[in-house]
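K.L.:
After the sequence you'll find the predicted model.
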Amino acid sequence: MESYDIELQEAIKNGNNICIAGHINPDGDAVSSALGLALCLKMIGKDVTVLLEDYSHKFYYIKGREMIYKGDYDKLEPDLFIAVDCGSKDRLGDAQSVFDRTENTINIDHHISNTEYAKYNVVYPNASSTSEVVFEIIRNFSVITDEIASALYTGIVSDTGGFKHNCTSPRTHEIASVLIGFEVPYSEIQNKILYSKSREELNIFIKALNKLKIENGISRVILTKKEILESGATYKDLDGIVSFILNIDDVDAAVFVYEKENGKTKVSMRSISTDVSGIAIKFGGGGHKLAAGADFDCTVEEAEKIIVKELEDVVSEGA
Ligand code: AMP
Ligand code: MN
Ligand code: MN
């Protein structure tokens with residue numbers, strides 16, 4: 001990361017009543033970067049409120065949950081709003097209204113599709129995770145505690161798939177080496193985030209694998225809302241499916257299409273080499289080159305057809 005931005009530093013210093021929000025349906029990086037930054041700002045005397053939707057119990061060990069606001073968003077009047085891991089303003093969900101009425105806004109992110117929607121935009125597409133960007137920012141003005149280190153380490157492990165994805169850089173490892181110098185239970189964190197599965201996750205995994213199809217280097221799974229709910233799973237149990245079906249011989253791209261709770265369709269894509277972010281952006285979504293997603297208004301079957309056609313075109317171009 002380049003030299004630390006003075007304007008950003010000033011904006012954070014001048015904020016007293018600060019709201020920090022992550023993207024809707026928060027993943028490990030959104031939770032970790034939001035709580036890691038919140039713990040840090042609280043420690044330097046700021047009044048901090050965290051706006052995060054419910055997230056997987058896997059991440060409950062990350063400290064600072066008491067800062068998560070459960071009240072009426074209309075009552076919030078922060079003097080600084082910081083969005084983390086959120087590529088576009090609409091991905092803030094209900095917190096968008098708070099963002100819109102706050103004068104000073106900061107957008108800290110690493111999505112290549114980021115729309116630079118804030119007053120100060122700190123977007124590093126080469127960073128492995130927003131947690132990595134948060135580390136670069138806070139090391140300039142804060143002491144890092146064991147709790148902050150554990151949070152940021154979780155975000156990095158989560159978005160790099162355990163230092164495996166191509167977003168992992170020498171700098172990612174340098175930062176991780178600083179973080180594990182603190183009391184960070186790194187084995188437990190890796191196990192919890194990457195490997196352990198609840199019964200519910202396992203049931204939905206079995207269902208997903210039963211529906212797996214592989215053709216032309218593309219693996220895919222479709223799940224309806226009925227299938228998800230009848231397996232006893234919740235929407236927070238779906239996280240590992242798309243990365244798992246990428247780990248199959250001769251597969252270059254994986255697609256997981258499922259019906260959301262609101263009846264809309266979600267498409268998640270992962271790939272080994274194909275640029276899936278371009279396809280996601282084309283349909284109003286976003287993400288990274290090898291991990292991206294989009295929402296569709298049509299049925300799961302229709303969305304699958306559209307996406308597989310798009311993918312077949314690019315996967316065969318690259319072959
Ligand atoms: P997911 O497949 O939901 O795990 O998301 C993979 C990546 O794509 C993450 O970086 C997400 O933030 C991004 N992403 C997923 N869905 C959307 C969407 N509807 N709009 C913008 N970005 C998305
Ligand atoms: Mn995220
Ligand atoms: Mn991220």
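P.N.:
Thanks, I have it. Ligands and ions are numbered 1, 2, ... in the order given.
K.L.:
need the residues of the stretch 101-250 of the chain near ligand 1, please.
P.N.:
By Cβ under 6 Å from any ligand atom, the residues of the stretch 101-250 of the chain that approach ligand 1 are residue 111. (C-beta placed from N, C-alpha, C; glycine too.)
K.L.:
where along the stretch 101-250 of the chain do the helices fall?
P.N.:
Using DSSP state H, counting those that start in this stretch, the helices of the stretch 101-250 of the chain run over residues 130-138, 146-160, 170-179, 186-190, 199-210, 225-230, 241-244.
K.L.:
I'd like a version of these in TSV, one that adds mean pLDDT and mean neighbour count as further columns.
P.N.:
Shown next, in TSV, are those (pLDDT from 0 to 100; neighbours: other Cβ atoms under 10 Å):
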stretch	mean pLDDT	mean neighbour count
helix 130-138	96	26
helix 146-160	98	26
helix 170-179	98	16
helix 186-190	98	15
helix 199-210	95	16
helix 225-230	94	15
helix 241-244	95	20
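K.L.:
and these as a markdown table, adding distance to ligand 2?
P.N.:
As requested, those are exported to a markdown table (distance: least, Cβ to the ion, whole Å):
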| stretch | distance to ligand 2 |
| --- | --- |
| helix 130-138 | 7 |
| helix 146-160 | 7 |
| helix 170-179 | 16 |
| helix 186-190 | 17 |
| helix 199-210 | 19 |
| helix 225-230 | 21 |
| helix 241-244 | 14 |
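K.L.:
And the ones you listed: which comes nearest residue 283?
P.N.:
helix 241-244 (16.2 Å; Cβ to Cβ).
K.L.:
helices and strands around that closest one, which ones?
P.N.:
For helix 241-244, the elements it packs on are helix 199-210, strand 253-259, strand 265-271, judged by 3 or more Cβ pairs under 8 Å, 6 or more residues apart in numbering; DSSP states H and E.
K.L.:
For stretch 303-312, list every residue counted as buried.
P.N.:
Neighbour counts over stretch 303-312 (16 or more other Cβ atoms under 10 Å) mark 303-304, 306-308, 310-311 as buried.
K.L.:
Among those, which lie within helices?
P.N.:
303-304, 306-308, 310-311 (DSSP state H).
K.L.:
what about the helices of the stretch 101-250 of the chain, which gets the closest to residue 67?
P.N.:
helix 146-160 (11.9 Å).
K.L.:
Run through the neighbouring helices and strands of the closest one.
P.N.:
Counting by 3+ Cβ pairs under 8 Å, 6+ apart, helix 146-160 packs on helix 28-43, helix 130-138, helix 170-179, helix 186-190.
K.L.:
what's the shortest one packed up against?
P.N.:
Judged by 3+ Cβ pairs under 8 Å, 6+ apart, helix 186-190 is in contact with helix 146-160.
K.L.:
mind listing what the one residue in the stretch 51-200 of the chain that gets nearest to ligand 1 touches?
P.N.:
Nearest to ligand 1 in the stretch 51-200 of the chain, going by Cβ to the nearest ligand atom, is residue 87, at a distance of 5.2 Å. Residue 87 makes contact with 23, 109, 111, 113-115, 286-287, according to Cβ atoms under 8 Å, 6 or more residues apart in numbering.
K.L.:
and it, which of the three is it?
P.N.:
Recorded secondary structure, residue 87: coil (DSSP: H, G, I helix; E, B strand; the rest coil).
K.L.:
Next, residue 163: phi, psi?
P.N.:
phi 60, psi 30 (degrees, to the nearest 10).
K.L.:
try residue 287
P.N.:
Torsion angles, degrees, to the nearest 10, at residue 287: phi 140, psi -140.
K.L.:
what are the bridge partners for it, then?
P.N.:
residue 292 (DSSP bridges).
K.L.:
which ones are touching whatever residue of the stretch 201-319 of the chain ends up closest to ligand 3?
P.N.:
Minimum separation of the stretch 201-319 of the chain from ligand 3 (Cβ to the ion) falls at residue 288, amounting to 8.2 Å. Contacts for residue 288 (Cβ under 8 Å, 6+ apart) come out as 110-112, 125, 167, 277.
K.L.:
mind redoing it with 10 Å?
P.N.:
Residues in contact with residue 288 (Cβ atoms under 10 Å, 6 or more residues apart in numbering) are 87, 110-113, 125, 128, 159, 165-167, 270, 275-277, 280.
K.L.:
Could you do residue 162 as well?
P.N.:
Here residue 162 is in contact with 156, 168, 189-190, 193-195 (Cβ under 10 Å, 6+ apart).
K.L.:
for residue 250, same thing?
P.N.:
Contacts of residue 250 (Cβ under 10 Å, 6+ apart): 214, 216-217, 219.
K.L.:
any idea how the chain splits into domains?
P.N.:
2-195, 199-318 (automatic domain parsing).
K.L.:
wait, which of the ones in helices among the buried residues of stretch 303-312 is closest to ligand 2?
P.N.:
Out of these, the member with the shortest distance to ligand 2 (by Cβ to the ion) is residue 307, at 20.1 Å.
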